[in-house]
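1. Could you work out the structure for the sequence below:
(2 chains)
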2 protein chains.
Amino acid sequence: MNLINGAAGEAISVRDRGFAYGDGVFRTFPVRGGKPVLWDRQYAKLAHDCRALKINCPSQQTLERDIALLDTSDCVVKIIVTRGDSARGYAPPPEPAPARVLIASPVPAYAADYSNKGVGVHLCRLRLAAQPVLAGIKHLNRLENVLARAEWRDPDIAEGLLCDTGDNVIGGTMSNVFIAKDGTLRTPDLAGCGVAGVMRELVMELAHAHNVPLQVAAISLDDLFAADEVFVVNSVIGLWPVIALDRKNWKAGALGAQTQRWIADVQGA
Amino acid sequence: MNLINGAAGEAISVRDRGFAYGDGVFRTFPVRGGKPVLWDRQYAKLAHDCRALKINCPSQQTLERDIALLDTSDCVVKIIVTRGDSARGYAPPPEPAPARVLIASPVPAYAADYSNKGVGVHLCRLRLAAQPVLAGIKHLNRLENVLARAEWRDPDIAEGLLCDTGDNVIGGTMSNVFIAKDGTLRTPDLAGCGVAGVMRELVMELAHAHNVPLQVAAISLDDLFAADEVFVVNSVIGLWPVIALDRKNWKAGALGAQTQRWIADVQGA
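-> Numbering: from 1, shown residues only, chains lettered A, B, ... in the order given. Next up is the predicted model:
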């Protein structure tokens, strides 16, 4: 079941600017027992990203009512907010009427091993373009992610890592990345490209709260291959240790496992 | 009236990847007396762009049948081709069913002066990111154009010029750009960013056919301001001389006017 502006529906106007130009933002997160996980954080990011594009974000209460209308209480929900319909042309309409879409999908059946034993990842050939005006925002212009994800079909590869044009690791196609070296965590700065996810933010806060040193700094490929641990995070998968990349192998490490427990505590899981 | 996969319709599935990710391409062109203008060229570009994204392009005949179904014979048609529906996630579906959408809009009522006397343009602050994998393609990830077009509301400004991060002029928000200096035309190389339009291609061929020297090379801001003539082109507007940018003024020049006549000859106008 999907909702369009609060009403059950399966289709959006072909004049919606989300369809025409990717002129909108989105978030994807689990709903468990009817409750959206880390909801305040998800909403805060959605509102932040709408502000960045000067799109009027629906209220948190409006979206909560939408979620309560879904015919499932355990699912993955994607909320899309667009600038709404307009006539032809890039100029935003003078009085835009933003559209909101909720798409409910089954909870994905990832192997339980992914969280425990870890996953193999692919190093993507595509390089992310630097666009500071859009960096960090989870907007609807995601062709880079699509093309990167199309680089592999091997079902044993669970994620792809993406670099910027300077060969610094920015994140996964659908996740944020952390490395650990000598007890210090590092996650890339996203000022040029990448998406600033809710789980990345939570892991950063958890590290701070538990006195784990954390740097927000560039991760070169050398840094990546020299790391003691590598893991990827997002709101749906939680945290997956990375155990294989090309010929390099890691073990699922202690810092990743500890972080998984901290995440579970916060989520009440 | 709009058409979705050949049937009258106003809405597209919210699971369409064009909506979710901008995973598709488009073209916009006039239809006059039921005939799409420069149609073979438009279709060739659409097919080229589909190939670049590995999307299966509808046949030219299919799209011609669609255009004949429209309830108007004089309009501007936008054709959007997407990778079609898929479940959640960036991975393209193993057997995608591309979607095609035709949107018919009224012929825009630009002032006749725009073609004769020329237009004022805005120099956009936004800089286009370099992404060679997507450069030249008229894909649905157009947030840069949207943000650039939102930089001005002055109705006397008809277009905005966009530079890359090296401050080289790449094109307009909805057009391609040419400058003339000492009888030689120049249009930017689009290997890093920008959209390679049908009218740009036609003007290049017309220059060649009429022995007008033409360079495909970088246009710095110094080159722009030192030009004898500047004009912008696209399939809907044709050719607009640029006569004002900040405090710089040009006159609508002879080479632009000559090119307009050549374009009109080709189009049988």
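
2. So for the helix or strand of chain A with the lowest mean pLDDT, what gets flagged as buried?
-> Across the helices and strands of chain A, mean pLDDT, DSSP states H and E gives its lowest value to helix A:113-116, namely a mean of 94. For helix A:113-116, the neighbour count (16 or more other C-beta atoms under 10 Å in any protein chain shown) marks A:114-115 as buried. In this view, the C-beta of every residue, glycine as well, is placed from N, C-alpha and C.

3. name the helices or strands packed onto that helix?
-> Contacts defined by 3 or more C-beta pairs under 8 Å, 6 or more residues apart in numbering or on different chains; DSSP states H and E place helix A:113-116 against strand A:238-245.

4. How far off centre is the following helix or strand past the strand it packs on?
-> As assigned by DSSP states H and E, the chain's next helix or strand after strand A:238-245 is strand A:248-249. In this view, strand A:248-249 has its centroid 25 Å away from the chain centroid, taken as C-alpha atoms, centre = their mean, to the nearest Å.

5. give me the low-pLDDT residue ranges for chain A?
-> Scanning chain A for pLDDT under 70 picks out A:269.

6. Quick check on the residue minimising distance to the centre of it: phi, psi?
-> With distances taken as C-alpha atoms, centre = their mean, A:G197 lies nearest the centre of chain A, 4.6 Å away. With angles defined as degrees, to the nearest 10, A:G197 sits at phi -80, psi 160.

7. Okay, and the residue nearest to A:I219 when sequence neighbours are not counted sits in which element?
-> Leaving out its chain neighbours, the residue that sits closest to A:I219 by C-beta to C-beta, 6 or more residues apart in numbering or on different chains is A:V169, at 4.3 Å. Assessed by DSSP H and E, A:V169 sits inside strand A:169-172.

8. Partner strands of that strand and their direction?
-> strand A:157-164 (antiparallel) (DSSP bridges).

9. any idea of the angle the strand it pairs with forms with strand A:238-245?
-> Interaxial angle, strand A:157-164 versus strand A:238-245 (axes from the mean of the first three to the mean of the last three C-alpha atoms, to 10 degrees): 80 degrees.

10. Which positions in the stretch 151-269 of chain A make contact with chain B?
-> When proximity is defined as C-beta under 8 Å from any C-beta of the partner chain, the stretch 151-269 of chain A approaches chain B at A:165, A:173-174.

11. Pull the number of nearby residues for A:Q60.
-> Residues lying near A:Q60 (other C-beta atoms under 10 Å in any protein chain shown) number 15.

12. That one against A:Y43, yeah?
-> Yes - between A:Q60 and A:Y43 there is a contact under C-beta atoms under 8 Å: 4.7 Å.

13. what does the least confident helix or strand of chain A contact?
-> The contact list for helix A:113-116, computed with C-beta atoms under 8 Å, 6 or more residues apart in numbering or on different chains, reads A:158, A:237-241, A:252, A:260.

14. Mind listing what's buried along the helix or strand following it?
-> Downstream of helix A:113-116, the next assigned helix or strand under DSSP H and E is strand A:119-128. Neighbour-count burial for strand A:119-128 flags A:119-124, A:126-128 (criterion: 16+ other C-beta under 10 Å).

15. before we move on, what about stretch A:153-172?
-> A:158-164, A:168-172.

16. for stretch A:49-61, same thing?
-> By neighbour count on 16+ other C-beta under 10 Å, the buried set for stretch A:49-61 is A:49-50, A:52-53, A:55, A:57-58.

17. how about the helices in the stretch 51-200 of chain A?
-> Ranges of helices within the stretch 51-200 of chain A are A:60-69, A:113-116, A:143-149, A:198-209, based on DSSP state H, counting those that start in this stretch.

18. would TSV of the ones you listed with distance to A:E95 be doable?
-> Converted to TSV, the helices of the stretch 51-200 of chain A look like this (distance: least, C-beta to C-beta, whole Å):
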stretch	distance to A:E95
helix A:60-69	19
helix A:113-116	46
helix A:143-149	29
helix A:198-209	31
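
19. Tell me which of those helices lies nearest to A:F29.
-> helix A:198-209 (7.2 Å; C-beta to C-beta).

20. Check which helices and strands the next helix or strand after the closest one is in contact with.
-> Where DSSP H and E defines the elements, the next helix or strand beyond helix A:198-209 is strand A:214-216. Under the contact criterion of 3+ C-beta pairs under 8 Å, 6+ apart, strand A:214-216 touches strand A:184-187, helix A:198-209.

21. can you rerun that using 6 Å?
-> Contacts defined by 3 or more C-beta pairs under 6 Å, 6 or more residues apart in numbering or on different chains; DSSP states H and E place strand A:214-216 against strand A:184-187.

22. Buried residues of the strand it packs on, list them for me.
-> For strand A:184-187, the neighbour count (16+ other C-beta under 10 Å) marks A:185-187 as buried.

23. Just name the closest of the buried residues of stretch A:49-61 to A:A226, please.
-> Proximity of these to A:A226 was ranked by C-beta to C-beta; the top entry is A:D49 with 33.6 Å.

24. Does the host helix or strand of the closest one reach chain B?
-> Here A:D49 sits within helix A:39-52, counting by DSSP H and E. No - on the criterion C-beta under 6 Å from any C-beta of the partner chain, helix A:39-52 is out of touch with chain B, staying 9.8 Å away.

25. which residues are contacting that helix?
-> Residues from elsewhere that reach helix A:39-52, judged by C-beta atoms under 6 Å, 6 or more residues apart in numbering or on different chains: A:25, A:27, A:29, A:57, A:60, A:81, A:137-138, A:198.

26. near chain B, which residues of the stretch 1-150 of chain A?
-> Going by C-beta under 6 Å from any C-beta, the residues of the stretch 1-150 of chain A near chain B are A:2, A:11-14, A:18-19, A:21-23, A:88, A:90-92, A:101, A:103, A:105, A:129-131, A:139-143, A:145-146, A:149-150.

27. Please flag which of those residues sit within strands.
-> Filtering the residues of the stretch 1-150 of chain A next to chain B for membership in strands, criterion DSSP state E, returns A:2, A:11-13, A:101, A:103, A:105.

28. mind putting these in JSON lines, neighbour count included?
-> Shown next, in JSON lines, are these (neighbours: other C-beta atoms under 10 Å in any protein chain shown):
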{"residue": "A:N2", "neighbour count": "20"}
{"residue": "A:A11", "neighbour count": "19"}
{"residue": "A:I12", "neighbour count": "25"}
{"residue": "A:S13", "neighbour count": "19"}
{"residue": "A:V101", "neighbour count": "24"}
{"residue": "A:I103", "neighbour count": "23"}
{"residue": "A:S105", "neighbour count": "17"}
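
29. among these, which two are most distant?
-> A:S13 and A:S105 (22.0 Å).

30. what residues are up against A:K54?
-> So A:K54 contacts nothing (C-beta under 6 Å, 6+ apart).

31. phi, psi of it?
-> phi 60, psi 40.
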